[in-house]
Structure formats: C-alpha cells, structure tokens
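1. when you get a sec, could you give me coordinates for this:
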Amino acid sequence: MTEKEKAQKGLLYDANNDKALIEERLYAKSMCYEYNQLHPQKMEERTALLKKLLGKTSEQFLIEQPFVCDYGYNIEIGDNFYINHNSIMLDGAKITFGDNVFIAPNCAFYTAGHPLDVEQRNQGLEYAYPITVGSNVWIGGGVTVLPGVTIGDNTVIGSGSVVTKDIPANVIAVGNPCRVIREITEADKTKYRRD
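-> The predicted structure is shown next:
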C-alpha cells in the first residue's frame, strides 16, 4: 500500500519522506504561488487555475488571495462558494464544502494531525481525517477546523472558534473548543433591518 493510499484510509502515513506526496505538494504549492501572484482583476485566469488545482468546483465561486493548500485535489467546493483572504487548507484527506458556503478571512481547515506517541511523531508519521462542511454555512473570521469534523447545514460558526468535534445543523456555535450556543430560529429572519 502506498503512503497516499494509507492517508486515504485514515491510517498513519509518511508524508515527509514519500517522493510521490512531496512532488504532489510541490505542484500544489507552485499552483498556489502562481494563483497568489495573479493580479486580483484577472478573474478568468484565477478561476481557470483553481479549476485545474481543486478536485471539484462549481461554476460560481471565489477564493480570495492569498490561498494555500497541500494537494488541492482533495478539496471539493459547491456552488456559490466564497472564502476570504488568508485561507489555509491542509488537505491530506478530503475537505468537502456544500453550496452557499461563506468563509471569513484567516480560516484554516486541517485534515492532518500527528500521533501523540513521540516515537511515531518523530518518524514523520501523520494521519488525515476528512472535513465536511454542509450547505448554507457561514464561518466567521479566524476559525480553525480540525481533522475529522463535520459541520451541519445552515450552521454559523462564530469568529475565533476552534472546531474540534462535529457541529449539528441549524445552530450557532462558538468558542475554543467550539460549542453550540443555540439553535437558529424564525426570529433570526427579522433580526437585521432591511430598508
């Protein structure tokens, strides 16, 4: 079994010394570098480059610069996807976003983690567990989502949160560690003025 196959199965794998994975990361980082150097107004070029890098895209999406990822092909985004500046995606495993997902600046999605055992960690071993974000999700600024987390549909994650465990649908969750503070209700539809 290759190191990539081990990663896909959620097993410990060696990302630091495997030539194939190193080459794939260098390719993705080169593409990210190229993307981040493009003039912001070159929207067609930006979109084309991301469609080449990412595993699945929709027709309507925008990823603000700078953007950094490990592999790219493990990232799948739904329709009407937006992520603001300074996003980091360590996509050793799949990171999947539904439709109508809005992500504020300085957010990080880490599928990769390292063993607690010092000997395994010092060998350069790591694991990667998928992250899934449902549809109609808003993630506030400075949020970190850790390996293996699922965030349900229609949920709001408050700024600065560290999401360590699954968050259900239709809630507001915030904190470190991120916790549900309440359900989203009908009253939230009239909370803000619309003239």
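
2. residue 168 contacts residue 180, doesn't it?
-> Yes: Residue 168 lies in contact with residue 180 (CB atoms under 8 Å); the separation is 6.9 Å. All C-beta spots, glycine's among them, are computed from the backbone N, C-alpha and C.

3. so what secondary structure elements neighbour the helix or strand harbouring residue 68?
-> Assigned by DSSP states H and E, residue 68 belongs to strand 67-69. Identification of packing neighbours for strand 67-69 by 3 or more CB pairs under 8 Å, 6 or more residues apart in numbering; DSSP states H and E yields helix 19-37, strand 87-90.

4. what lies in contact with the helix or strand following that strand?
-> Following strand 67-69 in sequence order, the next helix or strand is strand 75-76 (DSSP H and E). Here strand 75-76 makes contact (CB atoms under 8 Å, 6 or more residues apart in numbering) with 54-57, 69, 89, 91, 94-97.

5. same thing but 10 Å
-> Strand 75-76 has contacts (CB atoms under 10 Å, 6 or more residues apart in numbering) with 28, 50, 53-58, 63, 69, 89, 91, 94-98, 109, 111, 131-132.

6. likewise stretch 28-42?
-> By CB under 10 Å, 6+ apart, the list of residues contacting stretch 28-42 reads 45-46, 48-50, 52-54, 63-75, 89, 91.

7. do that again at 7 Å, thanks
-> By CB atoms under 7 Å, 6 or more residues apart in numbering, the surrounding residues in contact with stretch 28-42 are 45-46, 49-50, 53, 65-72.

8. same question, stretch 151-164
-> If you take CB under 7 Å, 6+ apart as the criterion, stretch 151-164 is touched by 98, 104, 133-146, 149, 167-178, 184.

9. and residue 84, what does it touch?
-> For residue 84, the contact set (CB under 7 Å, 6+ apart) comprises 64, 103-105.

10. phi first, then psi, for the closest residue in space to it that isn't next to it in sequence.
-> Here the nearest residue to residue 84 in space, its sequence neighbours aside, is residue 105; by CB to CB, 6 or more residues apart in numbering that works out to 4.2 Å. Phi and psi for residue 105, reported as degrees, to the nearest 10, are phi -60, psi 160.

11. wait, residue 105 sits on residue 139?
-> No: between residue 105 and residue 139 there is no contact under CB atoms under 7 Å: 10.5 Å.

12. next one, pLDDT for the nearest residue to residue 94 once chain neighbours are set aside please.
-> The shortest distance from residue 94 to any non-neighbouring residue, by CB to CB, 6+ apart, is to residue 130 (4.3 Å). On pLDDT, residue 130 comes in at 98.

13. so what's the residue count around residue 130?
-> Number of residues near residue 130 (other CB atoms under 10 Å) recorded here: 18.

14. quick check: bridge partners of the residue nearest the centre of the chain?
-> Per CA atoms, centre = their mean, the C-alpha nearest to the average position across the chain is that of residue 109, at 3.8 Å. Note on residue 109: beta-bridge partners by DSSP bridges are residue 89, residue 145.
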